[in-house]
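> give the three-dimensional model of this entry:
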Amino acid sequence: MRLYSLSVLYKGDPKVHLLKAAYDVSTFNFFQRSSVQEFMMFTSQLIAERSALGSRASVKEQEYLCHVYVRNDGLAGVVIADNEYPQRVCFSLLDKVLDEFSRQVSKMDWPSGSPATISYSALDGYLSKYQVHT
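A predicted model of the protein is given here:
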């Protein structure tokens, strides 16, 4: 059971954009890592874009399960995990991350924010904390 990606996005008008993300691509071949990370970033944005405000969903994409939660205020979180990772745990992680993010990062910064401008460093910690080491 693995988590590969944890992203916080903003679903604004007209597009979704990434605010902050953490990736664990250590299980992939060194030469595949950047393309796998790109795939996960693209997939996270696409899924958040296609999800309605106030919705939760789990979408299968290739051999991954993508769990998305879009809050009514437009803040969205996406976890990409393998098929065995418990869905309930993914959604409680998303709840926790989005609540904390919205307390630490001003809502004014969401529409124009990017990974370079948003200072929120907890994602890597959550990704490794929720990693199930077998």
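
> show me the shaky parts of the chain.
Across the chain, the stretches falling below the confidence threshold (pLDDT under 70) are 133-134.

> where do the strands sit along it?
Taking DSSP state E as the criterion, the chain carries its strands at 3-11, 16-23, 55-61, 64-70, 75-82.

> mind listing what's buried in the longest one?
Spelled out, it's strand 3-11. Buried residues in strand 3-11, counted by 16 or more other Cβ atoms under 10 Å: 3-11. No exception for glycine: its C-beta is placed from N, CA and C like everyone else's.

> closest one to Lys129 among the strands of the chain?
strand 3-11 (9.7 Å; Cβ to Cβ).

> on that earlier part again, including distance to Lys129, could the strands of the chain go into a markdown table?
As requested, those are exported to a markdown table (distance: least, Cβ to Cβ, whole Å):
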| stretch | distance to Lys129 |
| --- | --- |
| strand 3-11 | 10 |
| strand 16-23 | 11 |
| strand 55-61 | 21 |
| strand 64-70 | 17 |
| strand 75-82 | 13 |
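
> Met40: which of those strands is closest?
Met40 lies closest to strand 3-11 among those, at 4.2 Å (Cβ to Cβ).

> who are the packing partners of that closest one?
Helices and strands touching strand 3-11, by 3 or more Cβ pairs under 8 Å, 6 or more residues apart in numbering; DSSP states H and E, are strand 16-23, helix 33-50, strand 75-82, helix 87-104, helix 123-129.

> could you rerun that using 6 Å?
Packed against strand 3-11 by the contact rule (3 or more Cβ pairs under 6 Å, 6 or more residues apart in numbering; DSSP states H and E) you find strand 16-23, helix 33-50, strand 75-82, helix 123-129.
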